[in-house]
Structures are given as structure tokens and as C-alpha cells.
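A.B. asks: Sequence and predicted structure are below.
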Amino acid sequence: MEKIVIYQIFTRLYGNKNETRKQGGTIEENGCGKLNDFTPAVLKRISQMGVSHIWYTGVIRHATMTDYTQYGIPRQHPAVVKGRAGSPYAITDYYDVDPDLAVDVEKRMQEFEQLVERTHKAGMKVVIDFVPNHVARQYKSICKPRGVEDLGAGDNPAMGFDPQNNFYYCPGQRFSPYFDLYHGENEPYTEEPAKATGNDCFHNAPGKNDWYETVKLNYGVDYYAGRVGHFDPVPDTWKKMTDILLFWAAKGIDGVRCDMAEMVPAEFWAYATAKVKAEFPGLLFIGEVYNPGEYRHYIASGFDYLYDKVGMYDTMFQIIRGQQSTQAITGAWQSTDDIRDHMLYFLENHDELRIGSDFFAADGRKAVPALVVNALMQQNPFMLYAGQEYGERGMDQEGFSGHDGRTTIFDYWSVDTLTRAAKKQLTDEEQALYDTYKKVLTIARKEKAVGEGLTYDLMYVNQQYHRQYMFLRKSKSSTLLVVANFDDADAAVNVCIPAHAFDYLQLREKTYAATDLLSGSTTELTLKADAAVGVVVPARNAVIYKLK
């Protein structure tokens, strides 16, 4: 069993080498990455970093201010688009590929199908977003297959809630948000009756912090009556959204990352995952679920993996910043130990701060020990975000996305480190960080002790350490001793290994020849029950000793 390593790529940014970076710039001014930028050579380079799955973010057509009416694509009113490029989570047609990503707009679906084929040829699998909770305010499918009824087409808008409606309505009320509905146009955006907004805002006047560019989909839950579920007969939305999943699965993708999955009832997921996996047994469902109390509910409903955000991510965030002891890592993994293989670890994604930003650690290298722990501690998947491997800082002010330490998902832009990496212009520090990521991810993928071995957390017998974290991994043929140092200074660590570890892992007491898989250095380590073995770990780094 090989460990899953997911590389999240914000597709419109990745291949864009245009360095104009005009704040709020158009696609003509700032450029846009294309599906065809993922050439066999680019994909080979990604694969060689130790990646097993690429999550192409923002593939499905979403609301944008760019005009594609010459291709028969409806224009979106700019009042209900966030940023000039638009949010990839405000879908305008679930059956279409975003035209920004195509070299030939008329052949955009074909270009996507070819990308899937190229990714598979490079030995990797394809994950795309499925956005189940909400759509763009002006959703209208022009690419739906023959015989498919559009979302909302059969709704009764006189009903605030009806189990067979696709949307929720505010009967007799016009959409009246906090902002100007003209947005520079001659005609205002109008919507009457107003539909409920995506973030469970069930009135006609969403505010600045609401997802005002989206409308909430109705899965048969009556929020007006206190979240009462009406699931029999099966709601119309269930059928339509399952058909959309089947449509993309038939394109040869290998997984879907389900945006805000917990805002959609688990009963729908049980229905949809059963139907999809009956036809496409290997398709992965990855869920964005933030409530730990719901984790097991959603896994039981067919999810393969769930984000471990409020446990492991938040813990690592604080440890990297020196705000918490490394002892807390033990509690983070133990809280989900019964479902550990289902938890997806990450240190960055499109929603979170860049590690290198001034709002997080100001230096991507400071997360190397966290990378080692998250990638090697269990058999569960690990995810990284494109640019993380170079220490991308995300300190741009791109337009709609302000000076926030994140890489924009709303604007036409290019990512500094990705652009320079493509041109072979990385600094020595960036190249060294990339080399470390490549080594760690390759170890995660190739070492049997990681992919199929047992884990033994050594912190309970090493409680004097608060800036280091240590554990053993053991398979039949391989043993790893991992010590990560989150401190800014080198650390001489005496790692106590309890007798129980020798019994549990069937480890022999003896002197081992040991190779540090990160530095390549060799030494001898004597392992004895309830005795300490001394190792020196560089600052903000780790040793990964393979014992022979």
C-alpha cells in the first residue's frame, strides 16, 4: 500500500508566467494559466516530487467578469462576482469546463479530457472540486446533457421551502444586499424573489461577510422549520447532483474534493457515494468537514478522507509559531485514532495562510519539522499546496484578494515562486526547501515502514521535550526512528524507547547501522529497552534514521 500525497494546484495560476501582476488586472493584462500548460515534462516533474494525486482546483465553469458571450457562454453581472476572475466555488455550469483554462475555448472539455489522460500517463491520479452546497447566483447550464433539467427549472419560487425545489426562496422579497447592484453596468442585477445565500443566509439582504455571490442548494432540509429533513421521497437535488458526480466520474477522474461537505446532509452523501461507487468503485471522496463531532458520521456516509483542520492543522500552526508544546501532537492524532486512516493532513491549502507569509511563520523553512511529522507519522494521506515547496509567501495584494498572506482565488495573477521555478530562477534557499520536500515526500511514498508500518509515539516517555517530536515506524522489513526539531537551535536529544515499544513493534535490542534519509549521513544507534539513544537534530529540521 503506497501512501497518498495530494498536490493541490490552483489551475488558473500554476502555468501563468505573466509577471505584470496589475492589481485587479484583466485576463489580457495579467494572463492566465491553461490546462495545456501541464505538459508531459511538467507532470513528470510533479510526479518526481513524490506526488500521487493532483487536485486541479477551479476546473468547473464558475462566475467571472471576463466576457465569453461570443462562445455562447452567458455573461455574469459583475455585481455578483467576487474578483475579476471570480471564485471557483461560485459554479455557473456543473457540466462545463472553465473557459479561462482553455487555449481553444470551443474545445475546453476536450482539453480537460486530454489533461486527465496526460496526468494518468505521468503515473498520477486526478482530483477535481465538487461544490455541492451552493452555486453562482446566475447559474445556468448550457452544456448539460440532453434530457437533463437545469437546477431550479422546476422550482416553485412561491414556496420558501419545498422538498422538491432546488433552491430556497424569500417569497415577495427582492434580493437587496449591502452593495450597489449596478457595479458600473447600465442595468442593475435583479433577483426576485431573492434566493437564500450559500452560507445558510436565509433572508434577502446578505452582508459583506456572507457568500453573497452564491445561492444555497436545497437537499430537503427545512431550515425555516428548524432543520427538519424531508428525504422521502428522494429530493430532486439529490438526483441532479448525483448525476453531476457520475458525469465527471465518466471523464476518468479519480476523486472529488467536496467543498463544505458538512453543509450538505450526510444522508445525501450516503445516497450519492453508494450510487457513484457502484459504477466507479475506485473514486475517492474527500470532504471538507470542520466539526470533529461529525467526522465519523460523514465517513460512515461514504467519505474516504476528511480534512484534519481543527485538530492536526491548528495544532501544527501553533507549534510552528512557538505557541504550543509538541506534546500536543499526540493529543491531535489520538482524538481521531479510530479513524486515523481517513484523516487528511496538510499545512497549506487555498483557504489557509501561506507558511512563508508574515501572518504565519514568515519563512517556509520553519515548517520542515511539521512536514516530516505530518507526512511520515501515519499511513493517512498528506496534501500540499503548489508553491509551498518553495516557501511561497503569498504577501501580494492581488485585487479582490487583499494583503492577507494567502494566494488569491479571485484574481488573474501569477505566483512568484512558481513563475521563477519554471524559469529556473529559484534562490538557493528555495531550491534547498524544494529538495527537502522532494526527499520527505519520496520517503513517504516509497518507505514500507510509512506506507504499511505501525506507528509508536515516543512522547509519553520523553515529556521533557516541548520543541521536539519523536516516533518510530516499523514494517516487517524496515524500521524508522524520526525526530523532528521545531526549535530555532540545533538540539541534542536523548530519545528514551520504552520496553513496550520493543514488544509492540517486535523490535530487537541491539546496535543498528543507521542512515539519515534526509542528510545521507550514517551512524550507529544502540537501542535498548527503557534506555535513551542520543541524536543531534539540526534547527527547524529532522532526522529520519533508517535502521539496518
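C.D. replies: In hand now; what should we look at? Since the model is a prediction, treat every value here as computed from it, not as a measurement.
A.B. asks: Please enumerate the strands of the stretch 251-400 of the chain.
C.D. replies: Per DSSP state E, counting those that start in this stretch, the stretch 251-400 of the chain carries strands over the ranges 255-258, 284-287, 305-307, 343-346, 382-385.
A.B. asks: the helices in the stretch 101-250 of the chain, which residues?
C.D. replies: With DSSP state H, counting those that start in this stretch, the ranges of helices along the stretch 101-250 of the chain come out as 108-121, 236-249.
A.B. asks: what's the answer for the stretch 351-500 of the chain, then?
C.D. replies: Along the stretch 351-500 of the chain, counting by DSSP H, counting those that start in this stretch, helices occupy 368-376, 416-422, 428-446, 448-451, 499-505.
A.B. asks: helices or strands next to the second one in the packing?
C.D. replies: Contact analysis of helix 416-422 by 3 or more C-beta pairs under 8 Å, 6 or more residues apart in numbering; DSSP states H and E lists helix 428-446 as its packing neighbours. No exception for glycine: its C-beta is placed from N, CA and C like everyone else's.
A.B. asks: 6 Å instead?
C.D. replies: Using 3 or more C-beta pairs under 6 Å, 6 or more residues apart in numbering; DSSP states H and E, no helix or strand is in contact with helix 416-422.
A.B. asks: Just the CA trace of it, in PDB.
C.D. replies: Only the C-alpha atoms of helix 416-422 are listed here, as PDB (Å, rounded to 0.1, in the frame of the first residue of the first chain):
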ATOM      1  CA  ASP A 416       6.100  34.500  -7.800                       C
ATOM      2  CA  THR A 417       7.900  31.200  -6.700                       C
ATOM      3  CA  LEU A 418       6.000  29.100  -9.300                       C
ATOM      4  CA  THR A 419       6.900  31.600 -12.100                       C
ATOM      5  CA  ARG A 420      10.600  31.600 -11.100                       C
ATOM      6  CA  ALA A 421      10.700  27.800 -10.600                       C
ATOM      7  CA  ALA A 422       9.500  27.400 -14.200                       C
END
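A.B. asks: follow-up on the earlier one: turn the strands of the stretch 251-400 of the chain into a markdown table, including distance to residue 481, mean pLDDT and mean neighbour count.
C.D. replies: Converted to a markdown table, the strands of the stretch 251-400 of the chain look like this (distance: least, C-beta to C-beta, whole Å; pLDDT from 0 to 100; neighbours: other C-beta atoms under 10 Å):
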| stretch | distance to residue 481 | mean pLDDT | mean neighbour count |
| --- | --- | --- | --- |
| strand 255-258 | 33 | 98 | 24 |
| strand 284-287 | 31 | 98 | 25 |
| strand 305-307 | 28 | 97 | 24 |
| strand 343-346 | 20 | 98 | 24 |
| strand 382-385 | 20 | 98 | 25 |
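A.B. asks: Dump the ones you listed into a markdown table; add distance to residue 317 as well.
C.D. replies: A markdown table is the format used below for the strands of the stretch 251-400 of the chain (distance: least, C-beta to C-beta, whole Å):
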| stretch | distance to residue 317 |
| --- | --- |
| strand 255-258 | 21 |
| strand 284-287 | 21 |
| strand 305-307 | 14 |
| strand 343-346 | 11 |
| strand 382-385 | 14 |
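A.B. asks: mind checking which of those strands is nearest residue 27?
C.D. replies: strand 382-385 (22.7 Å; C-beta to C-beta).
A.B. asks: Pull up the gap between the closest residue to residue 241 other than its chain neighbours and residue 268, please.
C.D. replies: Residue nearest to residue 241 in three dimensions, not counting chain neighbours: residue 132, with 5.8 Å by C-beta to C-beta, 6 or more residues apart in numbering. Separation of residue 132 from residue 268 (C-beta to C-beta, to the nearest Å): 8 Å.
A.B. asks: And the nearest residue to residue 528 once chain neighbours are set aside, how close does it get to residue 529?
C.D. replies: Closest residue to residue 528 apart from its sequence neighbours, by C-beta to C-beta, 6+ apart: residue 509 at 5.1 Å. Applying C-beta to C-beta, the value for residue 509 to residue 529 is 6 Å.
A.B. asks: now do residue 379
C.D. replies: From residue 379 over to residue 529 (counting by C-beta to C-beta), the distance is 26 Å.
A.B. asks: quick one: which of these two has more around it?
C.D. replies: residue 379 (18 against 14; other C-beta atoms under 10 Å).
A.B. asks: re the thing from before, out of the helices of the stretch 351-500 of the chain, nearest to residue 9?
C.D. replies: Short answer: helix 416-422, nearest of these by C-beta to C-beta, at 9.3 Å.
A.B. asks: I am finished for the moment; much appreciated.
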